[in-house]
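1. have a look; sequence and predicted model below, questions after that.
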Amino acid sequence: MIYNSAITLMMNNGYQVMGSNVPCLALLFQHDEENERMNIVGLMNNVGKSELTSDQLDSITFQIERKFLIGRYAREVNILYLVFSDDFERDKKYSQGKSNYWLMDTTGKRIVVFEEQPDDFFGLKSLMKNVFEEQRDNSAGIYSSLERETAHPERRKKLPIITILLLFINVIVFICLEMNGDTENPVYMLKKGAALGSNIFDKHEYYRLLTATFMHFGIAHLLNNMLALWILGSKLESIIGNIRFVVLYILSGLAGSIVSAVHYYNAFPPVVSAGASGAIYGILGAILVVALIQRRRNDKSMFIRMGLVLFLMFYGSGTQGVDMLAHIGGLTGGIIIMLIFKIFSDKQTFDKLKNLR
């Protein structure tokens, strides 16, 4: 069996077995003490079945990285999964996750490497080619090869539906408000649902905490926030999924509104606030968490997006009144919510990994 042959060959070439309580996953490692680097390979036997989801695989990756980095066993942890599969269409689903993996096609006797996955892993490619060569059917002339999947993974083809919907709602709300009054007039905006501390806490008009996040003071305010929402939202939605994204957006917006309303409760003159910037800063905070957790992937696009949005926000600060407390509240809320998402995601595989050593 190719799966067992691969484990044996790796052990004969310096890899050591690491304890794992996940039945379908064997973990092997090489410890480069000179460079303080830990190279870990997970071999997953998916022949005839597929037990782990891409989210579960990402959780396993996070647990392994945290164990070695926090425990200071290494300064650098590199992880690659070899998914031995007889069903290419079924198991290419792992490209939807963030973990590095190669698809070991046991039917076609080939190694399939999807876009943005590593072409090699510290010389592992040649070892795996040898595994397939040993299993080669000489009469059929089948040979092993390293192939790159040129098509984008399916997740990249999906439109960021929630981000588009939020953009649409914000624009429609602005158009409706502008057709019936002046969106740059605080009195008019307060009448239509903008936030004011005394109204929220004294009159118990708590709905304003939410309605204010879909209102904007003028076209410049709207365009600035919608551009930032598209830049960050379309990226984060593809990472955490539709449901988590909309939950994070709403809760971050509420967090920004609450912090702002509390701070300006006794302000004079009264401060009327509105805008999606609290929710957008929540998205920024969430992406910061993702970027730090997935730092091994060195995804420069995340940092470029964050830098561009920060520029837009600071540019907006010079052109209009900006509620910095809403920004801080949204940013903090986004970070906390994203960490909660990560904790609950990890909990799915914690029991399987508690004996990892």
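-> Great, that's in hand. Numbering: from 1, shown residues only.
2. could I get the buried residue list for the helix or strand containing residue 239?
-> Under the criterion of DSSP states H and E, residue 239 resides in helix 218-240. Within helix 218-240, the residues scored as buried using 16 or more other C-beta atoms under 10 Å are 218, 221-222, 224-226, 228-240. C-beta: built from backbone N, CA, C; applies to glycine.
3. got it, and stretch 6-22?
-> Of all the residues in stretch 6-22, those buried under the rule 16+ other C-beta under 10 Å are 6-7, 10, 15, 18, 20, 22.
4. inside strands: which ones of those?
-> Among the buried residues of stretch 6-22, DSSP state E puts residue 18 in strands.
5. how about the buried residues of stretch 6-22 in JSON lines, adding pLDDT and distance to residue 56?
-> Listed next are the buried residues of stretch 6-22 as JSON lines, based on pLDDT from 0 to 100; distance: C-beta to C-beta, whole Å:
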{"residue": "6", "pLDDT": "85", "distance to residue 56": "22"}
{"residue": "7", "pLDDT": "84", "distance to residue 56": "21"}
{"residue": "10", "pLDDT": "86", "distance to residue 56": "23"}
{"residue": "15", "pLDDT": "86", "distance to residue 56": "23"}
{"residue": "18", "pLDDT": "80", "distance to residue 56": "18"}
{"residue": "20", "pLDDT": "73", "distance to residue 56": "13"}
{"residue": "22", "pLDDT": "79", "distance to residue 56": "9"}
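6. could the buried residues of stretch 6-22 go into JSON lines alongside distance to residue 198?
-> Written out in JSON lines, the entries for the buried residues of stretch 6-22 read as follows (distance: C-beta to C-beta, whole Å):
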{"residue": "6", "distance to residue 198": "68"}
{"residue": "7", "distance to residue 198": "68"}
{"residue": "10", "distance to residue 198": "68"}
{"residue": "15", "distance to residue 198": "66"}
{"residue": "18", "distance to residue 198": "60"}
{"residue": "20", "distance to residue 198": "58"}
{"residue": "22", "distance to residue 198": "56"}
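7. among the buried residues of stretch 6-22, which ones are in helices?
-> Among the buried residues of stretch 6-22, DSSP state H puts 6-7, 10 in helices.
8. give the pairing partners of the helix or strand where residue 41 lies; include direction for each.
-> For residue 41, the host element (DSSP H and E) is strand 37-45. Strand 37-45 sits in its sheet next to strand 25-32 (antiparallel), strand 76-85 (parallel), going by DSSP bridges.
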